[in-house]
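# next input, structure requested:
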Amino acid sequence: MHDDRNLVEARLDRVLRERIRPAVHPATTPLTVEIWSTAGEPVPVPEGLTAPTRPIAPGTPWGTPWGTSWFKVTGTVPTEWAGRTVEAVLGLGFTPRTPGFQCEGLVYTPDGTPVKGLHPRNNYVRVGAPVTGGEQVHWRIEAASNPDLEADGVPFRPTRLGEKATAGDAPQYVLGDMVLAVFDETVWNLVMDLEVLGELMAELPVDGARRWELLRAVSRALDAIDLQDVNGTAQAARDALADVLATPAAPAAHRISAVGHAHIDSAWLWPLRETVRKVARTTSNMTQLLEDEPDFVFAMSQAQQYAWIKEHRPEVYAKVKKAVAEGRFVPVGGMWVESDTNMPGSEAMARQFVYGKRFFLDEFGIENDEAWLPDTFGFAAGLPQIIKAAGSDRLLTQKISWSRTNSFPHHTFDWEGIDGTRIFTHFPPVDSYNCEMTGVQLAHAARNFKEKGNARHSLAPVGYGDGGGGTTREMVAKAARLRSLEGAPTVRWEAPADFFAKAQAEYPDPPVWVGELYLELHRATLTSQAGTKRGNRRSESLLTEAELWSATAAARAGTPYPYEDLDRIWKTVLLHQFHDILPGSSIAWVHREARETYARLAKELEDIIAGAQRALAGTGTRELVFNPAPHARRGVLAGGASATASDGGGVPPVPREGGGFVLDNGLLCVEIDARGLVVSVYDHAAEREAIAPGQAANLLQLHPDFPNQWDAWDVDAFYRNTGSDLVDVTALDVDGTSVRIERAFGGSRVSQLLSVPKGAKRLDIATEVDWHESERFLKLAFPLDVKADRYASETQFGHVFRPTHQNTSWEWAKFEACNHRFVHVDEPGWGVALVNDATYGHDVTRAVRSGGGTTTTVRASLLRAPRYPDPETDQGVHRFRHALVPGATIGDAVREGHRAHLPERRVTGGAAEVAPLVTVDNDAVVVSAVKLADDRSGDLVVRLYEAHGARARATVRVDGFDTSSVVRTDLLERPLAGVTSPAVSGGEVALALRPFQMVTLRLPRA
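Numbering: from 1, shown residues only. Here you go, the predicted structure:
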């Protein structure tokens, strides 16, 4: 037989495109359209529904950037269409781009009832099936003219459209056709048949019989169509395909659990306020699709998004709540938002689950077993313990498939965190959270699945995402044909919980991955938008203080605990940890608002802290020092306050021979040369030099930074190939007890203050950068005379070790990594910590010196200047604080990290002291939260963890609460089933903790 495969496939492509798809709507009649627009913020729905309108015709430009237009659409169904299925096709002026990145709309009836959302792949509204003829059509469409940031087809091009003030007022769209149309369901089904078979055919081996069976069937179907009468002959074509569509899948076929999905970024290339509307549009579509398709199941994460439509679009939320009650609209994930998981601190990461799970419990009576993070940029090694402590034991993500260097070896596995907790984890082998149910995607999932021979199930999130949209009727139709089809994996709509149950049952002993799930991409998100990152870190610290002092004031002084304020602030901070806000990868509008929000929250939290401390201090003239850190400082107990002497400040600088200055407090001697560089940091007690021979620390290094793509997200390894050391000084002098260093480069300037406190083995570095560079990367380097094969970085509830060498591609790929408050390098008996107050990105490398010895260089990442999606990223003034701590153990690094974030506060009052509510007798056991219980019972909640990475015993004293009734709880403050309460003796709670183990205790008032 002659090979006519290419001929038939090309024929299928053209006939579908030019004849069959256009015949889905064989008759149309125009609708009457009117418009009312506002360039300002969106108006309430009732106002939009009644706004005065003017006529607008197809082909007319409309929609300023970020504006809102309300369309009034009216018409009459022709009487000659009686008995036919009719729908409206509403063309807002969509571009070829995918849904969510351009204009979109939500259709309402005149009384304000939401009908469904509109986007370029879902632009219809059903009128009747069938109609009687003469029906009156009247809708209002709230249309958002969100600009398409890549309308010219060039990705990552800098644009001013991402900030309302710079976006201009030029119309973004041209109104398309708005018509009533006959919907030919037979032709539409033929399109679905041919698309499924054509896509499957392309994925089958050319030498396999099934491919040729499909080819011959498709050829017969095309022969059966009269191209001059597609509607009259479509059924004959379908009949020609019936046999090949009815052939069942092989028993060993891969099994895909499909779940409707619309990953909606809570902010990204649009502001937060627009996401509220995106959620309303998408959920309107999905609730309608659930009504139309009885087998369909849809899952949506992010409690914040449910809360938004509950508050702002109650008419939409009512439909969602009904669908959830019916069990087919499934809340998943149990988190407030799909957050970044590398940068959020311990308590913030825990509260993501607390607030998310509690919302789903309160609103729907549902508790999730899974964390759902399909698009997060890597996963910290402390996360498994947090997931488990929240009452969940599963994780889904696909993002690691984006890694550019190594292919992750598993799709279904147990993930083990730093404390030994394991979480059953699944990476969908479809490698997308926006599966469109195409043949190439499903074939990829089956081929790609790495557990073949041990397991057969995988999950596919199906629907348009990022900017919303969700699943379409076409995707559902394809899934129906793929339920059991020879040559394809089988497809079933299933809730995630059902998939996980099957996956765990068939794979009871999966492989184990230990440690962080590092994404070998998007490393620059640890540095981009420094202002957002500083706001997050400061908010986390202030919330720790606000809870501690508010709980103490409630117990000691009877001050009302600010439940509502803390609840609201926590939710706002958690929202801004979304994986495109905290990582710095959103448009300028988002980050401007984030900075403003953080400043407002800081003031509120400072007021809460000050009010609680005033209540505790009483009236008088005695100065009290409040210590919010989890370790005692200068005689002030952790979580308490007492009168204490001044810390004495820093040691005065003295001139250095050859230029520069020396700072020596008897514990540490620091030499700063004439270039303002630190050339010696000598530990007197250890008789040990910290700086590598011939090297200089506190060295600012500037690199070109133009990644191949994903500007705000990526820093590529080649950035290290070139760069310059900033060694020229414009000023070097003494400023009180500090050495001031000033530099200028490009359009920027740097001012630093270096000081050594009395009685502390620590070099403090305060850096102010007035940054006006473009596509540059600024690092602060410390070459250390330490032979370290690995180093420690703080993460949630502990620290993670990473190698300093690059023996394998896995290690080489981690050329930029995340730390929280510290990085620690050591060799047996002696180490150095670098502490920071607001940065996350860093790199650690090692080199062997020609004369012998090893240099381990730690570099903190300070600033970047990508131009997409925010062309003004980080322009302006930034402040950083670092501390170099020679001779530091891990315990010292932990303590100094908390010192940098939780400074002492001095308050005048009459009290001699304020006793801590909670004291712990072992510095290795760190208190991360002291608060009153969320249920407002007045119970005290204390969270602690082992911070040194070793077993630890500790005695916990809690003053004013009933230790005899102490119970261990989960993160939601519920007693843990099957867990013995801690031993109590003489009012003391005895704890024995495993390395990095986190424990939550709850105690009633005494």
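
# so which bits of the helix or strand containing residue 218 are buried?
Assigned by DSSP states H and E, residue 218 belongs to helix 209-224. Residues of helix 209-224 classed as buried: 210, 211, 212, 213, 214, 215, 217, 218, 219, 221, 222, 224 (neighbour count, 16 or more other CB atoms under 10 Å). C-beta coordinates here come from the backbone N, C-alpha and C atoms, glycine included.

# other SSEs contacting that helix?
helix 5-15, helix 185-203, helix 230-246 (3 or more CB pairs under 8 Å, 6 or more residues apart in numbering; DSSP states H and E).

# let's have the buried residues of helix 209-224 in a markdown table, adding pLDDT and distance to residue 28.
Output for those, formatted as a markdown table (pLDDT from 0 to 100; distance: CB to CB, whole Å):
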| residue | pLDDT | distance to residue 28 |
| --- | --- | --- |
| 210 | 98 | 39 |
| 211 | 97 | 38 |
| 212 | 97 | 39 |
| 213 | 97 | 38 |
| 214 | 98 | 33 |
| 215 | 97 | 34 |
| 217 | 98 | 32 |
| 218 | 98 | 29 |
| 219 | 98 | 31 |
| 221 | 98 | 26 |
| 222 | 98 | 26 |
| 224 | 98 | 26 |
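
# in TSV: those, plus distance to residue 68.
Output for the buried residues of helix 209-224, formatted as TSV (distance: CB to CB, whole Å):
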residue	distance to residue 68
210	51
211	50
212	54
213	52
214	47
215	50
217	49
218	46
219	50
221	45
222	46
224	48
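
# coming back round to it: put the alpha carbons of the helix holding residue 218 into PDB.
The C-alpha trace of helix 209-224 is given here as PDB (Å, rounded to 0.1, in the frame of the first residue of the first chain):
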ATOM      1  CA  ALA A 209      -1.400  -1.000  13.100                       C
ATOM      2  CA  ARG A 210      -3.500   1.300  15.200                       C
ATOM      3  CA  ARG A 211      -2.100   4.500  13.600                       C
ATOM      4  CA  TRP A 212      -3.100   3.200  10.200                       C
ATOM      5  CA  GLU A 213      -6.500   2.100  11.400                       C
ATOM      6  CA  LEU A 214      -7.100   5.700  12.600                       C
ATOM      7  CA  LEU A 215      -5.800   7.100   9.300                       C
ATOM      8  CA  ARG A 216      -8.100   5.000   7.200                       C
ATOM      9  CA  ALA A 217     -11.100   5.900   9.400                       C
ATOM     10  CA  VAL A 218     -10.300   9.600   9.200                       C
ATOM     11  CA  SER A 219      -9.900   9.300   5.400                       C
ATOM     12  CA  ARG A 220     -13.400   7.600   5.100                       C
ATOM     13  CA  ALA A 221     -14.900  10.300   7.400                       C
ATOM     14  CA  LEU A 222     -13.500  13.100   5.200                       C
ATOM     15  CA  ASP A 223     -14.800  11.300   2.100                       C
ATOM     16  CA  ALA A 224     -18.300  11.200   3.700                       C
END
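
# identify all contacting residues around it.
4-5, 8-9, 11-12, 15, 190, 193-194, 197-198, 200-201, 204-205, 233, 236-241, 243-244, 486-487 (CB atoms under 8 Å, 6 or more residues apart in numbering).

# so how far is residue 976 from residue 1000?
According to CB to CB, to the nearest Å, residue 1000 stands 9 Å off from residue 976.

# so residue 34 is in which element?
strand 32-38.

# how far is that strand from where the chain is centred?
37 Å (CA atoms, centre = their mean, to the nearest Å).

# what lines up beside the helix or strand bottoming out on mean pLDDT in the chain in the sheet?
One helix or strand of the chain scores below all others by mean pLDDT, DSSP states H and E: strand 983-985, with a mean of 87. With DSSP bridges as the test, strand 983-985 is paired with strand 988-993 (antiparallel).

# what angle do strand 988-993 and the next helix-or-strand element following the strand it pairs with make with each other?
Next helix or strand after strand 988-993 toward the C-terminus (DSSP H and E): strand 998-1003. Angle, strand 998-1003 to strand 988-993, by axes from the mean of the first three to the mean of the last three CA atoms, to 10 degrees: 160 degrees.

# could you pull up the mean pLDDT of strand 998-1003?
Averaged over strand 998-1003, pLDDT sits at 97.

# who's in contact with it?
Taking CB under 8 Å, 6+ apart as the rule, strand 998-1003 contacts 346, 385-386, 389, 419, 797, 928, 933, 939-945, 956, 958, 961-963, 965-971, 973, 975, 982, 989, 991, 993.

# quick one, which of the residues you listed are buried?
346, 385-386, 389, 419, 797, 928, 933, 939-945, 956, 958, 961, 963, 966-967, 969-971, 973, 982, 989, 991, 993.

# about what we covered before: which of the contacts of helix 209-224 are buried, as a PyMOL select command?
To isolate the buried subset of the contacts of helix 209-224 in PyMOL, counting by 16+ other CB under 10 Å, use the following:
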select buried, resi 8+12+15+190+193+194+197+198+200+201+204+233+237+238+240+241+244+486+487
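
# shouldn't residue 799 be within a strand?
Yes: assigned with DSSP: H, G, I helix; E, B strand; the rest coil, residue 799 falls within a strand.

# pretty sure it is touching residue 949, no?
Yes: counting by CB atoms under 8 Å, residue 799 touches residue 949, with 6.7 Å between them.

# identify the contacts common to these two.
418, 890.

# out of those two, which sits in the more crowded spot?
Higher neighbour count among residue 799 and residue 949: residue 799, with 27 against 17, using other CB atoms under 10 Å.

# for residue 518, see how far away the more buried one is.
15 Å.

# and residue 615, by the same measure?
Counting by CB to CB - residue 615 and residue 518 are separated by 46 Å.

# and these two? Which one has more around it.
More neighbours surround residue 518 than the other of residue 615 and residue 518, with 24 against 20 (other CB under 10 Å).

# wait, what's in contact with the more buried one?
378, 403, 813, 814, 817.

# show me what contacts the closest residue to the first one other than its chain neighbours?
The reference is to residue 378. Excluding the flanking residues, the one nearest residue 378 by CB to CB, 6 or more residues apart in numbering is residue 519, at 3.6 Å. The neighbours of residue 519, taking CB under 8 Å, 6+ apart as the test, are 377, 378, 399, 400, 402, 403.

# among these, the buried ones, what's the PyMOL command?
The PyMOL command for the buried members of these (criterion: 16+ other CB under 10 Å) is given here:
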select buried, resi 377+378+399+400+403
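
# so which residues of the stretch 251-400 of the chain form helices?
272-292, 303-312, 314-325, 346-364, 383-389 (DSSP state H, counting those that start in this stretch).

# export those to CSV and append columns for mean pLDDT.
Formatted as CSV, those follow (pLDDT from 0 to 100):
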stretch, mean pLDDT
helix 272-292, 97
helix 303-312, 98
helix 314-325, 96
helix 346-364, 98
helix 383-389, 98
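
# let me have these in JSON lines, extended by distance to residue 728.
Listed next are those as JSON lines, based on distance: least, CB to CB, whole Å:
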{"stretch": "helix 272-292", "distance to residue 728": "43"}
{"stretch": "helix 303-312", "distance to residue 728": "48"}
{"stretch": "helix 314-325", "distance to residue 728": "60"}
{"stretch": "helix 346-364", "distance to residue 728": "40"}
{"stretch": "helix 383-389", "distance to residue 728": "44"}
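
# which among those is found nearest to residue 845?
helix 383-389 (26.5 Å; CB to CB).

# CA atoms only for the closest one, dumped as PDB, please.
Only the C-alpha atoms of helix 383-389 are listed here, as PDB (Å, rounded to 0.1, in the frame of the first residue of the first chain):
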ATOM      1  CA  LEU A 383       8.000  22.100  54.400                       C
ATOM      2  CA  PRO A 384       7.100  18.400  54.900                       C
ATOM      3  CA  GLN A 385       6.900  18.800  58.700                       C
ATOM      4  CA  ILE A 386       4.700  21.900  58.300                       C
ATOM      5  CA  ILE A 387       2.300  20.000  55.900                       C
ATOM      6  CA  LYS A 388       2.100  17.100  58.400                       C
ATOM      7  CA  ALA A 389       1.600  19.400  61.400                       C
END
